[in-house]
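Engineer: Take this sequence and fold it.
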Amino acid sequence: MTGKQCLTCGVLGNYAVADGIFRLDCSWPGAAPRAGQFFMVKPKRSSVFLPRPISVSAWEPAAAGNGYTVQFLVAAHGKGTADLAELRAGESVELTGPLGNAWADFLPRSGRAQSSKPIALIGGGIGIAPLEALAAELPKDSFDFYAGFKAFQNRSERNTLLGPVLTGPANLIVATENGKEGLKGTIPGFLNPADYSAVCACGPQAMLRAVAEKCAAAGVPCYVSLERRMACGVGACLGCTVTTTKGNRRCCTDGPVFSAAEVLF
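Structural biologist: Residues are numbered from 1 along each chain as shown. Below is the predicted model:
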């Protein structure tokens, strides 16, 4: 967690991208994050005491040349994220980070293993966020991107939500449960791990379990980014326990990315 800081930052924009999902842009004068890392995020004006852990979906050098613009993809599920959804440009937000490990801690730098096979990035719902960040770090066409959702309101909503990954992957596979956009069904049903040198996934627990089981059967390395409730984000409260073959570990400091072979789903 080298470079971790707690800073009051400015909100640069807040944009609805799908039903109940928004992108929050903030200034960040600290160290650059890495794909897979997260921040503890809390509005200066908030009705909740604890911040919320939010994965970084994108970042870029600030236009003024001082620090970065950091982007979060957020689903409004409860009071804490509802407060984030109400933020407007010019308001202040408390950011603590960058926190946790990164996808690059597990993957070869090129995005490919010794074989010539690409890797697969698999996002379920809001779980696409840390994978969007990973896609930006990987060479173009070195990966396939799988995105699974319950439904989209329309094609415009799909394109807005998936905009950051419409051009980078060799193949973009989209599935919805009702089949209105893309394939009909859930992402694990369309994945053949043998086509890949490694698989990176983030999303609902049931999806991660299914992906991990398919990868294990095929002998393909699988890495998962897990979500847990967090109070501190720095390993002090022990509230984000992940049960693994190596004992209980902390999602915030030992993760959020883990080898799926170690996780007891």
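
Engineer: which helix in this structure runs the most residues?
Structural biologist: For the chain, the helix with the greatest residue count under DSSP state H is helix 205-218.

Engineer: Tell me the helices and strands packed up against that helix.
Structural biologist: If you count contacts as 3 or more C-beta pairs under 8 Å, 6 or more residues apart in numbering; DSSP states H and E, helix 205-218 packs onto strand 119-124, strand 198-202, strand 222-225. In short, each C-beta sits where N, CA and C put it, glycine included.

Engineer: okay, those strands in CSV with mean pLDDT and distance to Ala35 next?
Structural biologist: Formatted as CSV, the helices and strands packed on helix 205-218 follow (pLDDT from 0 to 100; distance: least, C-beta to C-beta, whole Å):
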stretch, mean pLDDT, distance to Ala35
strand 119-124, 96, 10
strand 198-202, 97, 10
strand 222-225, 98, 10
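
Engineer: Now mean neighbour count too, for these, in a markdown table please.
Structural biologist: Converted to a markdown table, these look like this (neighbours: other C-beta atoms under 10 Å):
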| stretch | mean neighbour count |
| --- | --- |
| strand 119-124 | 27 |
| strand 198-202 | 26 |
| strand 222-225 | 26 |
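
Engineer: In CSV: those strands, plus distance to Lys214.
Structural biologist: What follows is those, written out as CSV (distance: least, C-beta to C-beta, whole Å):
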stretch, distance to Lys214
strand 119-124, 10
strand 198-202, 9
strand 222-225, 8
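
Engineer: which residues are contacting the longest helix of the chain?
Structural biologist: Applying C-beta atoms under 8 Å, 6 or more residues apart in numbering, the set of residues contacting helix 205-218 from outside is 122, 124, 127, 148, 186-188, 191-194, 199, 201-202, 221-222, 224, 226, 260-261, 263, 265.

Engineer: Recalculate using a threshold of 6 Å.
Structural biologist: Identification of contacts with helix 205-218 by C-beta atoms under 6 Å, 6 or more residues apart in numbering yields Ile122, Gly124, Pro188, Pro193, Ala194, Val199, Ala201, Cys222, Val224, Ala260, Phe265.

Engineer: ok, the third one to Ala104 distance?
Structural biologist: Going back to what we said before, that points to Pro188. The spacing between Pro188 and Ala104, counted by C-beta to C-beta, to the nearest Å, is 25 Å.

Engineer: How far off centre is stretch 88-107?
Structural biologist: Distance of stretch 88-107 from the chain centroid (C-alpha atoms, centre = their mean, to the nearest Å) equals 11 Å.

Engineer: Now do it, average pLDDT.
Structural biologist: Across stretch 88-107, pLDDT averages out at 95.

Engineer: ok, and for it, which residues are buried?
Structural biologist: Across stretch 88-107, burial judged by 16 or more other C-beta atoms under 10 Å covers 93-104, 106-107.
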